[in-house]
Structure formats: structure tokens, C-alpha cells
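Q: got a predicted model here, sequence first, then my questions.
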Number of protein chains: 2
Amino acid sequence: MARTQGSHSDITGPRVRDAALSLFAQHGYAAVSMRQIAAEVGVQAGALYNYTSDKQSLLFDLLKSHMDQLLASWMAQPEAPVAMQALEQFTRFHIRFHSERPEAVFISYMELRNLTPENFAVIEELRKDYETKLEDILRAGVAQNVFSVREPKVTAMALIAMLTGVNTWFKSDGRLSLEDVEQVYWDMVRKAVSKRTD
Amino acid sequence: MARTQGSHSDITGPRVRDAALSLFAQHGYAAVSMRQIAAEVGVQAGALYNYTSDKQSLLFDLLKSHMDQLLASWMAQPEAPVAMQALEQFTRFHIRFHSERPEAVFISYMELRNLTPENFAVIEELRKDYETKLEDILRAGVAQNVFSVREPKVTAMALIAMLTGVNTWFKSDGRLSLEDVEQVYWDMVRKAVSKRTD
DNA sequence: CTTTGATCTGAACGAATGTTCAGATAAATC
DNA sequence: GATTTATCTGAACATTCGTTCAGATCAAAG
């Protein structure tokens, strides 16, 4: 069992994943070759197969761990009993979490069709789990008589699409800070589910 | 000038574009070969080059004509002088137009990174033109004192992201009709820009 | 210092890629 | 019926693809 310590494997492994994430996000899964990933890591293509069984697994692992992180991070939040607060928490959490890892978010939306059917089913279920978190908040708000939402499932998907859209334009050195953006979007979300309007 | 009439070229041309659109949407631009497109049309790969100069042009032409159609269709709408009506018109138009051509919408969002920089710039400008249409409506509503929108540009992008999201889940044979969906989304849009909330 | 084995190289594999082009095909014109 | 020419075939081109694997490398263990 030589070279268990001082080994490169615990360094090269993450670097392979990082390189794949970055290159997939830039050019797309199908357009990136194993040799390009290897070159980014500074290694020959064959060496990649010490860290992944094949190219497909590389993609799947990236999407899977992204979704796992997303759900785990949300679960780690303190639970808000009042629906209005829970919705604000979700809104701000979603924007913050997604803006922190634009590349992972990007490939998680773009590369679903390049997953095998089995792998796709796994990711799709995790995505639905996340959508259900928001849907439950909306239903709770309706039950608490603070939201007006006729279609909680549709509304959840609509709001998530809106919030994720931040990633398509937000630049951290732009005119608006992330805090500003959170506020603008929270205003819209709050009003969109509100009971009254003039 | 033989075979100008009865020629196959005016039939094969659109079929090449249709096949490319469908295959690009299913598997992605980089994952689809010219031979696959040719097979779908029922022709050899070489014959495709009677209808496109290269694969890149095939993609660009699809995106370009989609954006041209989008803008032309919007312009063809009767102009609504009242901001509230204009916003409802935009909301319903956007949902309807996009739900009618899911494949073109899909590749218009997914394949931007596979355009050459010059081609990308062209599409990006057309997209901004469209976003500006909504932004102008929002600004008009603020001027008319019927909307409360602090950030018209951000809000326009947020609303478009939300509306385009319909394409990710809507099925015409589902529980909700397209008319139902339009109403649900219009309720959200109207409230999101409204001046009062409880 | 010798042994061990995790890690990596470098070459090789068949298959597939976008594109070109000489020549075959056949419908429209004269 | 002969000619023209738009359209398409089928083969070829240099590259690149994902993946495999025998052998080199070299740090840690004995």
C-alpha cells in the first residue's frame, strides 16, 4: 500500500473534476474531449481513467454532487414556521447558492440531454425534490391565508425559473450588488404570490 | 437552366433545416453529425452542402430566423397604448409564441456557445432588442403610474425567464390548457409589477 | 536498500468527424 | 431526341474521438 500519503490521487481527482466542470460549461459536454480535460490538468488522457470510469460518469458525478449540495444546503437552513419568512428565505437562498457556482448551475440545465436515461432519472428526481420544497412553502402560505396561489406546482416552477435567470446576466462587479438583486427579486416574488393588488 | 421547376431543392432545403432543428434540439449541436442530419433527410452527407456552406451556418440560420420571426411577430401585434394592456399582451404573446416552437426556443438558449463570436453577437443583439420591448412597456407603466418597478431592465429579464420557463414543463395534453397557463402567468406578472400588496 | 503498488506515460485501436469533389442521375428545355 | 444543368452519390481526405493497456516512474513501506 505504498504512496497512500503524498500520493497525487487526492489532488488530481478534484482537479479533473474542476477542469471538466469548467470546460463543459464553456463548450458543452459533447464538444469537450478527454484530451482537453487532461491537458487542463497537465496529464495524459489515459490518466483520467484513474478517476472516472468514463466520460459519462464524469458528467453525471458533477450534476449529482451539485444537486446533493443544493438539497443539503437548503436542509441546513433553519426552518421558518411563517410562510412569508420561509419564502423570503428560499428566494435569497436560491439566488445566493446559484450565483456562487454559475458553472455547475449552467451544466445542470444544459447537459441533461447528454445523460444516459438512468442517470437522467436520478438528477430529475433530485430536481423535483427541490421544486417540492418551494411548492410546500407556497401551500403552507395558502393554508396560512397569506398567499394567493391557485397553482402551487406551476407557480413553484415559474418562480424557480425566474430566480435561476439571475445567473444569465448577474456580474458581481456590476451596477447592482447581490444584496440589491436579492431585494429586487424578493419584491417581485412577494408581490407575485400576494393576495391583493390594486 | 434545366430543372428549375420540379426541382428537389425547394423541398430538400426546408427538410434539411427541419432535420437539423429537431436533431440539434434532441442531442445538441456538437453531438449531431452531418451524416445524421443527412440520414434524417434521406440523402448522403455531401448533398447537405447544396443547402448550407457548413455546419455552423446551419445552426446560425436556425437561430437567426427564429429571432427574426419572434421580433416580426411581436411587431405585427396591434400596439396597446395602456401599459397594463400592453403587458398582458406581451405575456400572452410570449407564452403562445414560445410554446408553439419548443425546439427552436430550446436551441436558441442552449446552443449560443456553439456560435462563432460574430454569429453570437448578431443573435445577442436581437435578443436584447426583444428584451427592450418588455422593458419599454415596464417604463411606460411606471410613467403612467400603474406599475411599481424600480429596475425595469432586471425586471424585464426576470419576467422573460419566468415566461420562457413554461416550455420546460408544459404539455398540450396535460391538466392545464395553454389558456389556463396564460392566465396563471398573467396573474403573477400583473401582481409582480403592481403598486400595492397587502 | 529492496520491494511494493499507486500513478502516469505514450502508443495504439477502430470508429467517427466535417468537408470536398469527380462523376452519375434525371428532369426541364430546345 | 439531344442537350443542359441542378441535384445527388459514393468515395476519399486528414483529424479527432473515447478508451485500453503494457510498461515506466517513483514515493512510501518493510
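A: Thanks, I have the structure now.

Q: quick one: contacts of the helix or strand harbouring residue A:38?
A: Per DSSP states H and E, residue A:38 falls inside helix A:34-41. Applying C-beta atoms under 8 Å, 6 or more residues apart in numbering or on different chains, the contact partners of helix A:34-41 are A:12, A:15-16, A:19-20, A:22-23, A:44-45, A:47-48, A:55, A:58. From N, CA and C alone the C-beta is placed, and that goes for glycine too.

Q: gap between the two ends of stretch A:105-116?
A: With C-alpha to C-alpha, to the nearest Å as the measure, the first residue of stretch A:105-116 is 19 Å from its last.

Q: actually stretch A:25-37, not the one I wrote
A: From its first residue to its last, stretch A:25-37 covers 12 Å (C-alpha to C-alpha).

Q: for that stretch, buried residues please.
A: For stretch A:25-37, burial by neighbour count (16 or more other C-beta atoms under 10 Å in any protein chain shown) applies to A:25, A:28, A:29, A:30, A:31, A:32, A:34, A:37.

Q: mean confidence (pLDDT) on it, please.
A: Mean pLDDT, computed over stretch A:25-37, is 97.

Q: stretch A:162-176 too?
A: 97.

Q: now swap in stretch A:67-75 and tell me
A: Per-region confidence: stretch A:67-75 scores 98 on mean pLDDT.

Q: and what of stretch A:108-117?
A: Mean predicted lDDT for stretch A:108-117 stands at 96.

Q: how far does the helix holding residue A:38 sit from its chain's centre?
A: 24 Å (C-alpha atoms, centre = their mean, to the nearest Å).

Q: ditto for stretch A:66-76
A: 9 Å.

Q: check which residues of that stretch are buried.
A: Neighbour-count burial for stretch A:66-76 [16+ other C-beta under 10 Å]: A:66, A:67, A:70, A:74.

Q: likewise for stretch A:132-140?
A: By neighbour count on 16+ other C-beta under 10 Å, the buried set for stretch A:132-140 is A:133, A:134, A:135, A:137, A:138, A:139, A:140.

Q: any idea which of those is the one closest to DNA strand C?
A: residue A:133 (37.9 Å; C-beta to the nearest atom of the strand).

Q: using PDB, write out every CA atom in the following helix or strand past the helix holding residue A:38.
A: Using DSSP H and E, the helix or strand that follows helix A:34-41 in sequence is helix A:55-75. C-alpha atoms of helix A:55-75 as PDB (Å, rounded to 0.1, in the frame of the first residue of the first chain):
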ATOM      1  CA  LYS A  55     -16.700  10.500 -19.800                       C
ATOM      2  CA  GLN A  56     -20.400  10.000 -19.000                       C
ATOM      3  CA  SER A  57     -19.700   9.300 -15.300                       C
ATOM      4  CA  LEU A  58     -17.600  12.500 -15.200                       C
ATOM      5  CA  LEU A  59     -20.700  14.500 -16.200                       C
ATOM      6  CA  PHE A  60     -23.100  12.600 -14.000                       C
ATOM      7  CA  ASP A  61     -20.900  13.000 -10.900                       C
ATOM      8  CA  LEU A  62     -20.700  16.700 -11.500                       C
ATOM      9  CA  LEU A  63     -24.500  17.100 -11.800                       C
ATOM     10  CA  LYS A  64     -25.200  14.600  -9.000                       C
ATOM     11  CA  SER A  65     -22.900  16.300  -6.400                       C
ATOM     12  CA  HIS A  66     -24.300  19.700  -7.400                       C
ATOM     13  CA  MET A  67     -27.900  18.600  -6.700                       C
ATOM     14  CA  ASP A  68     -26.800  16.900  -3.500                       C
ATOM     15  CA  GLN A  69     -25.100  20.100  -2.300                       C
ATOM     16  CA  LEU A  70     -28.100  22.100  -3.300                       C
ATOM     17  CA  LEU A  71     -30.500  20.000  -1.200                       C
ATOM     18  CA  ALA A  72     -28.100  19.600   1.700                       C
ATOM     19  CA  SER A  73     -27.500  23.300   1.900                       C
ATOM     20  CA  TRP A  74     -31.200  24.000   1.900                       C
ATOM     21  CA  MET A  75     -31.900  21.500   4.600                       C
END
